[in-house]
Structures are given as C-alpha cells and as structure tokens.
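Participant: Here is my input, please return the structure:
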Amino acid sequence: MSVVLLTLGLTTALLSGAGQASPEAAKSWTSRFTASNGTTYTATNNLLPAAGGHGREWLLAWAGPADHTTPDFLTVIDATPDSPHYGEVVNTVTMGPGKGNEPHHMQYLWHKGARLFAGGILTDTTFVFDTKALPAVKLVGVNVPTDTPCGTLPDAYQVLRDGTAYGTYMGGPNVTGPCTYTNGEVREGNGAAGSPGEIVYFGKDGKTVSEIPAAVKGGEDPVQCGNVPVLTEASCANPHGIAVREDMNIMVASDFVEARNFVTPEVELREDLARQTVRVWDISNRADPKLKSVSKVADGPRAAQESDPIFGESRVLMETALPNKRGHKGAFVSSMTGGAVYYTPDITSSRPKWKEVLDDTTPYQTFAPDGSVTGGGDNSSWLAVSPDDRYLFHTVMGASRPYGKPLDRTTGMVYVLDIRKLLASGDDPRCSVDTLDEAYKGGTESDCPGLVGTVPIRDTTDGGPHWGAMDNFTKGRDGDYREATHVKRIATADYFLAGAFGGDGDHRVCMFDLGGTAGISLDKRFRDEVTGDPCVSFNRKSWPHGDTGDARPHGVLFVVSDGALR
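Facilitator: So this is what the prediction gives:
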C-alpha cells in the first residue's frame, strides 16, 4: 500500500455560473492509494479561493454525477453561518479511476482526529480519507471487493474512539455458496447483493480486520425470511443502519431487504423479503463481536387498513439509533415502507421487546390534517438521537418507486421528537401506539415522544429527503470550535438511489435550524451560490472540477477544520 501526494497546480476546468470562480482560481492536488488488488485509486482536490482563511465548519456531501461517465466526488460546502461564503461549494474531490460507485453513506458523526469512511454501494468499495487539512482531504485507504468476500453493498459506518470502524454490508457474499468469516464460522450465501449480509470491522487505514457474521447459525424462520434463491438456512440478515455504544459494548443493526431481489419483476414487493428484524452484538472483543440477540418488531394498528402488507408498520427496518447517556440503555428503530418508529427500553436484553412509539401519520397531520397522507409507504429514512438525548431526528422521503405510494398521496418531510420523558421512563415505558387514533394523533401515554416540529419537503420527483446529519459543534467567543451536546441545526440530502430502486430526488442539500415557535425551520440563509435559492442544488452545469453537470448527493456530514477544533 502506498500514498503519494502530488501538487498539480491550476485546474483547466471551465467554471461558469453566478458566484463561481474563474478558470484560474481552482487549485488542484491529488493523493493516491494502491489497494490490495493492485489498483491505484486517486482523489483530486479542486479548491476555490473561498476555501481559504481561518478554520471554519464544513458540510461534506458524498455525491455521484447523474452522468456516470464522469467521476464521483466528495463535496465541501462552507457551513459557517457568519462566513461570507456560507452555502458555497468550495472544493470537490474527484475520485478515480473507476466511475459509478454510487456514493452512499459516511459515518453518522465526525469527531476530531477521525477519518472519513465513505461507501460506494454498487462497486462494493469503502474509501477512507484523512481530514487534517480540511477543507482539503487526502485518500489514505481503499477497501475493495476482494477484501470482504463474505459481504457486498457497503451501507453505513460507525467510527470508534480509537479510529477503527464498523460497517454494514447489506448484501450476500461475492459468490454463491459457503463463506468463511474471520472467526472461522461458515454461512451459506446466495451471492452478491443477496443474503446474508455481514458486519465488517476496519482498521484506521480501511483494511479489513475482521468479517463478522450477521446470520444466525442454524437459520431463521423461512416463512418470514425469504431468500432468492432459497438458502439451506433461511436468513433475514441484511444489515443497513448501525449504532454503537462503546461504554455498554453493544452494537445494533437493523435489517433492510434482500436488495437484489426486492424490486425485480419476478418478486417485486414480496413480503418475505422485507425485513422486520434487529440484531445486537456484544463487542467486548472489538474484532470478534458475538451475536447477542435477533428480535422482531410487529405491525401496528394502521396495517389492517393499508392496501398492501408491505405498508404495514413493521416493514423494511432501515435505521436504528441509540441514546448516549449512561443509564439510557434503550434503542430506536424506524421502518422505511412501514413509516413508524419503535423503541425498546433495554437493548442489552437477550430478548428486546419493541413497542411502536410514533406513526409518521402524526407529523403528517400537521400539514395534511385531512388524513390523506399516512406513514404507510412514506419511505422514512435517516434517524438520529442528539448527543444530549433530548431529540430524535427523522427524515421521510415520501414517494419512491417502486415501493412507495403514488406521489400525489405522500410527500417528504423532516421532523423532530422530544424523547426525554420516554428515556426517563426506564425499564417500563407506558408509551404504545396501538390504536388508529394514536397513529393519527400520537400516543396518549404521558411518556410518549412529543412532536417538536415538522417541515414538509415537497419533491415532485420520485424521491425526497433521505439522509441527514446533526451539527455536533459550537463556535466559542475565541473563534474556535468545540464538540457540543445540544444540537442547534441539521442538514438533509434529497436523493436516495436512482435506477431500479427509484428515489432519485431533486438533488438538494438543505439546512434546518432548531428552536423558535416552529421547533424546526428551513435555514433560508443557506443558499445556492448559483441560483440564490435556499438549499444547495446539485443540479448545476459547473463544479470546481469542471462542467460535469447534475449530481446526486447522498451522505452528508458536519466537520471542522482540525486547527480550529479544540
């Protein structure tokens, strides 16, 4: 493995559009990394003058072009509210040599000294970047498909205090048949993008330390856990969202779908391919976690009135989130096509018990009070607990073919819940959404989450707001930043996955402020430097790296220049 830093001078890219720099303004330099398969990967920074000056806060967006003949890139946006360049794209880091990685997620939170882990879901590749020179970044690791033979479709990452990381690989092994994990255990798989998925433990350099089985030895219920082709031992193990509590030695992952088969014409929306399960590992040995429990969430009161079982509350568990404070040992999961949020008070239990605590129909009522829009088929996505355990944040895409309701019957939104009473209820919470009235109006028990605020995000494409990030930093009077527990703003990205899955979105990255009478509101100062409209649009002709046209932002993350973070 080798890393070489080369200074290349000025880019020749032609830049155009209001607020963008002249061709001579973008300075480029490239870092290189040779992966285990012998391929040398590159990451080229294209820094505009607006990137200079005292250390600031940045919003990163991991994006792919709409035209797959041009490179994928990491976008650096000025996220400093008092900066004259607030909302401007100041750097794009173009990737080579391969194209069409389909940039997906990074880690959920970034901390000082941490590296960036970013996944290319379609090329089965994880990229690792050094962030010390922000707003420039350096490629320092590439994990290629042959480094993870027992898993495909890298999805989400959690970086630990020591700089190592866990990642969910949602799909099955590279080839059909038995696969041997690092601990010597063997599971049968039905091939790439199938089942079962796995967890990968990475070193700080992105190398595979261990492949960790997610499938239960001996198999699971074949009626519930369909696989195509059928496995000898049925498995629902398709981990998507991931959360870690190092102080409790717990890792949690939510199962999504058997991706390769879920939307094919032969098995489209097949109910037994839509997962309802949550997996918990004991990570006392970080390199060799032990599967501790597999639990299932159940449908709620709205399922009986839905036109398709796939819209029942429990279906397609995309995300999970954990509280942070000692004494709070519960966990949340959310369902994508089900449109509901579930909670268990004790994720350390050998048999976690889940209750529905909010139906997305409730926040929809704030702007669609006629009941025409429900949580069923609303494609809820990113889920996060604030560091102070006060808020639960949630984005909802709205329509997304082929497994969402028609566009005229749903819409995207972002909403915020106050979860303090629920967490304070300890081991025996009373909150349970178990009537239709509660699905529409919220749980009636006193410890149910309170709706702080909702912002509808109308997107006339087949996508909507999918991913998000919390700003976990605050700027002091001395001009330096420190990590904060109280979150004052979040960002969202309006794109899911194009192609057969649908969910293309309108390609905007938006900022939202917390507080005030509305609870949450769109930050209209965070404007596109080309159009002047609120939110940064990735539908544009030109970028710092050239005229490559529209792009699709997926993962977003707040970061701070290393020298300005204490």
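Participant: Residue 379 - how many residues pack around it?
Facilitator: Each residue near residue 379 was counted by other C-beta atoms under 10 Å, and the total is 31. (Each C-beta comes from the backbone N, C-alpha and C, glycine too.)
Participant: can you tell me which residues contact the nearest residue to it once chain neighbours are set aside?
Facilitator: With sequence-adjacent residues excluded and distances taken as C-beta to C-beta, 6 or more residues apart in numbering, residue 379 is closest to residue 397, at 3.9 Å. Neighbouring residues of residue 397 by C-beta atoms under 8 Å, 6 or more residues apart in numbering: 378-381, 404, 412, 459, 463-466, 496, 503, 505.
Participant: now swap in residue 480 and tell me
Facilitator: 55, 564, 565, 566.
Participant: I'd like these laid out as a markdown table, including distance to residue 431 and secondary structure.
Facilitator: A markdown table is the format used below for the contacts of residue 480 (distance: C-beta to C-beta, whole Å; DSSP: H, G, I helix; E, B strand; the rest coil):
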| residue | distance to residue 431 | secondary structure |
| --- | --- | --- |
| 55 | 43 | coil |
| 564 | 41 | helix |
| 565 | 38 | strand |
| 566 | 39 | coil |
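Participant: quick check, nearest of these to residue 102?
Facilitator: residue 565 (30.8 Å; C-beta to C-beta).
Participant: Tell me what that closest one is bridged to.
Facilitator: Beta-bridge partners of residue 565, counted by DSSP bridges, are residue 481.
Participant: can I see the domain layout of this structure?
Facilitator: As assigned by automatic domain parsing, the chain contains the domains 1-143+537-566, 144-292.
Participant: Return the member of the ones you listed having the minimum mean pLDDT.
Facilitator: Among the domains of the chain, domain 1-143+537-566 carries the lowest mean pLDDT, at a mean of 87.
Participant: any idea how far residue 462 lies from residue 45?
Facilitator: Separation of residue 462 from residue 45 (C-beta to C-beta, to the nearest Å): 33 Å.
Participant: of those two, who's got more company?
Facilitator: More crowded of residue 462 and residue 45, by other C-beta under 10 Å: residue 45, with 28 against 20.
Participant: That one sits in which helix or strand?
Facilitator: strand 40-47 (DSSP states H and E).
Participant: tell me which residues of that strand are tucked away?
Facilitator: Judged by neighbour count (16 or more other C-beta atoms under 10 Å), strand 40-47 contains these buried residues: 41, 42, 43, 44, 45, 46, 47.
Participant: ok now do the last one, which residues does it touch?
Facilitator: Each residue near residue 47 by C-beta under 8 Å, 6+ apart is listed here: 26, 27, 28, 90, 91, 135, 136, 544.
Participant: nearest to residue 248, of these?
Facilitator: residue 135 (35.3 Å).
Participant: My guess is the closest one contacts residue 563. True?
Facilitator: No: under the criterion of C-beta atoms under 8 Å, residue 135 makes no contact with residue 563, lying 11.7 Å away.
Participant: what's the following helix or strand after the helix or strand hosting residue 211?
Facilitator: Secondary structure from DSSP H and E places residue 211 in strand 208-213. Following strand 208-213 in sequence order, the next helix or strand is strand 239-245 (DSSP H and E).
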